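# After the sequence you'll find the predicted model.
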Amino acid sequence: MTNIEPRAPWRATVLTLFPELFPGPLGASLLGDALAKGLWSLEAMPLRDFGIGRHKSVDDTPAGGGAGMVMRADVLGAAIDAARARHPGLPAIYLSPRGELLTQHLVAELAAGPGALLLAGRFEGIDQRVIEGRGLREVSIGDYVLAGGEIAAMVLIEAAVRLLPGVLGQPASLGEESFEAGLLEYPHYTRPRDWEGRPIPDVLLSGDHARIAAWRRAEAERITRERRPDLAARAPRKPA
Ligand code: SAM
């Protein structure tokens, strides 16, 4: 008989200068309920605890000169080591505008694992040596610059946690969402049947499930072609 160990809850450990920002929005609604039920766990570790000297400094001036401050490798290295000693085996990620883009594919990969150790940067960013020395994967949430990595960490956590078993009310709907089939999602409608002269498309009221599925697929393809030709080019063709 195979002995299957129960899976430990998915864990997010965030290294941050602003632990008070957590759980923030992650504590609300279905994710918050799942957190309270222990379906996933969250810990915000204060980077200041690893700071240097009387002032608990975490940053210093950039080598080579220039504006702003850089987070120190020794401080971050010690914080990452402490987090790894407490929770071994979590993939370590530095939220960074220079990183690979956070996609639904990467989110699903992370959700399937044990969790994530997330380093939220501030100032001009972090010393390059800690990225290399601790093997951090750099992940960006988009081509724009935030003031810090905390909101980026929350985005990653929220996207991953909603994929965990038992977190969402209707997991069947996950498979039809934007990006799941390489397409953006079709449009949704609900009551009233007519709103300001805009009726719900007849096909959705037909009760013909095959026609509805075909209409939704066609709409998803049209919207993806119009808005994201890059995605449309990669989407798998449906057999004729
Ligand atoms: N000087 C950096 C640059 O030009 O790439 C920007 C540093 S930003 C002001 C401070 C921190 O915010 C970064 O260390 C990173 O953790 C976070 N951050 C900013 N934009 C981000 C993005 N698009 N995705 C993920 N994290 C981001």
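It's in. Numbering: from 1, shown residues only.
# all contacts plus neighbour counts: C-alpha atoms, from now on.
Noted.
# from what I can see Gly77 touches Leu136, true?
No. Using Cα atoms under 8 Å, Gly77 is not in contact with Leu136; the gap is 10.8 Å.
# Please enumerate the shared neighbours of these two.
Val130 (Cα atoms under 8 Å, 6 or more residues apart in numbering).
# so who does Pro91 touch?
Neighbours of Pro91 in contact, by Cα under 8 Å, 6+ apart: Gly115, Ala116, Leu117.
# buried set for the top helix by length along the chain?
When the chain is scanned for its longest helix (criterion: DSSP state H), the result is helix 209-227. Across helix 209-227, burial judged by 16 or more other Cα atoms under 10 Å covers Ile212, Trp215, Arg216, Arg217, Glu219, Ala220, Glu221, Arg222, Ile223, Thr224, Arg225.
# other SSEs contacting the helix or strand following that helix?
Of the helices and strands lying after helix 209-227 in sequence (DSSP states H and E), the nearest is helix 229-234. In this structure, helix 229-234 makes packing contacts with helix 209-227, judged by 3 or more Cα pairs under 8 Å, 6 or more residues apart in numbering; DSSP states H and E.
# Contacts for the helix it packs on, please.
Leu183, Leu184, Glu185, Tyr186, Pro187, Val203, Leu204, Ser206, Leu231, Ala232.
# I'd like the residues you listed as a markdown table, with pLDDT appended.
Formatted as a markdown table, the contacts of helix 209-227 follow (pLDDT from 0 to 100):
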| residue | pLDDT |
| --- | --- |
| Leu183 | 95 |
| Leu184 | 96 |
| Glu185 | 94 |
| Tyr186 | 96 |
| Pro187 | 97 |
| Val203 | 98 |
| Leu204 | 98 |
| Ser206 | 98 |
| Leu231 | 92 |
| Ala232 | 87 |
